[in-house]
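S.K.: Below is the sequence, then the predicted model.
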Amino acid sequence: MAENFWAPVKLSIEIAFTSGIIVLILGLILGKVMAKAKFKGRVFIETLFLLPLVLPPTVVGFLLIVLFGRQSPIGQMIEWLFQQPVMFTWWAAVIASTIVAFPLMYQSAKTGFAAIDEDIEGAARVDGASEFRLFLLVSIPLSLKSIISGGILSFARALGEFGATLMFAGNIPGKTQTIPTAIYIALDSGNMHLAWLWVLSMIGISFIMLVCVQLSKS
């Protein structure tokens with residue numbers, strides 16, 4: 001029982017942590033670029049970034065299959081490079097979690113960067129700071145609360161991803177079976193005791209994550 005319980009928990013945390021790192025890096029870079037950018041087509045690009053936030057997870061899963069499936073050019077290239085398809089692997093679960101969690105990190109980071117007084121950044125440039133040093137030593141510290149909030153929410157969203165993961169990564173015990181997919185299988189097989197344990201663990205983790213978000217804003 002203990003092994004059956006802990007395997008999806010451990011896998012979910014590993015997947016959410018890995019996707020969280022990817023989302024953090026992408027969210028910081030793209031959030032900084034888009035915070036004060038003014039160019040034609042900006043609204044279209046930003047809409048693409050935020051689209052996974054409102055799309056049903058099954059739609060995201062379908063699009064991932066189309067983009068990375070064995071019949072797609074990208075999927076065939078990945079299979080040629082790594083000698084295995086990306087679908088139904090640990091990395092497929094990471095990709096699915098990253099896609100659905102990215103909008104939360106991006107929106108939080110962009111909001112934080114957009115709120116920075118341009119005079120502060122301008123003064124740093126006058127003092128000779130490069131754009132990279134400006135980003136690390138000025139922009140990130142001044143937006144830290146928004147970044148922390150977005151990071152926590154992204155981790156929680158990745159941890160709870162179900163639909164896109166099930167479609168793209170499957171439900172392979174010890175490989176791609178996360179807590180949400182494990183709950184689905186336990187409920188389907190009538191194992192209510194195990195399902196309740198996972199449900200309560202998800203509620204507990206999510207509660208802690210939301211508390212951390214509130215504390216980060218105070």
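M.R.: Structure's in. What do you need?

S.K.: which residues in this protein form strands?
M.R.: Read by DSSP state E, the chain holds no strands at all.

S.K.: residue boundaries of the helices in it?
M.R.: Using DSSP state H, the helices of the chain run over 2-35, 42-50, 57-68, 73-82, 90-114, 118-126, 131-134, 140-142, 144-159, 163-168, 179-188, 192-217.

S.K.: Mean pLDDT and mean neighbour count added to these, as a markdown table?
M.R.: Every C-beta, even on glycine, is put in place using the N, C-alpha and C of the backbone. Listed next are these as a markdown table, based on pLDDT from 0 to 100; neighbours: other Cβ atoms under 10 Å:
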| stretch | mean pLDDT | mean neighbour count |
| --- | --- | --- |
| helix 2-35 | 91 | 18 |
| helix 42-50 | 91 | 12 |
| helix 57-68 | 94 | 18 |
| helix 73-82 | 89 | 12 |
| helix 90-114 | 95 | 24 |
| helix 118-126 | 81 | 12 |
| helix 131-134 | 85 | 12 |
| helix 140-142 | 91 | 14 |
| helix 144-159 | 93 | 23 |
| helix 163-168 | 93 | 24 |
| helix 179-188 | 92 | 19 |
| helix 192-217 | 89 | 14 |
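
S.K.: Any figure for the gap between the closest residue to Ile205 other than its chain neighbours and Tyr184?
M.R.: Spatial nearest neighbour of Ile205, excluding adjacent residues (Cβ to Cβ, 6 or more residues apart in numbering): Leu159 at 6.5 Å. For Leu159, the distance to Tyr184 (Cβ to Cβ, to the nearest Å) stands at 15 Å.

S.K.: What of Met192?
M.R.: Counting by Cβ to Cβ - Met192 and Tyr184 are separated by 13 Å.

S.K.: Sounds good, over and out.
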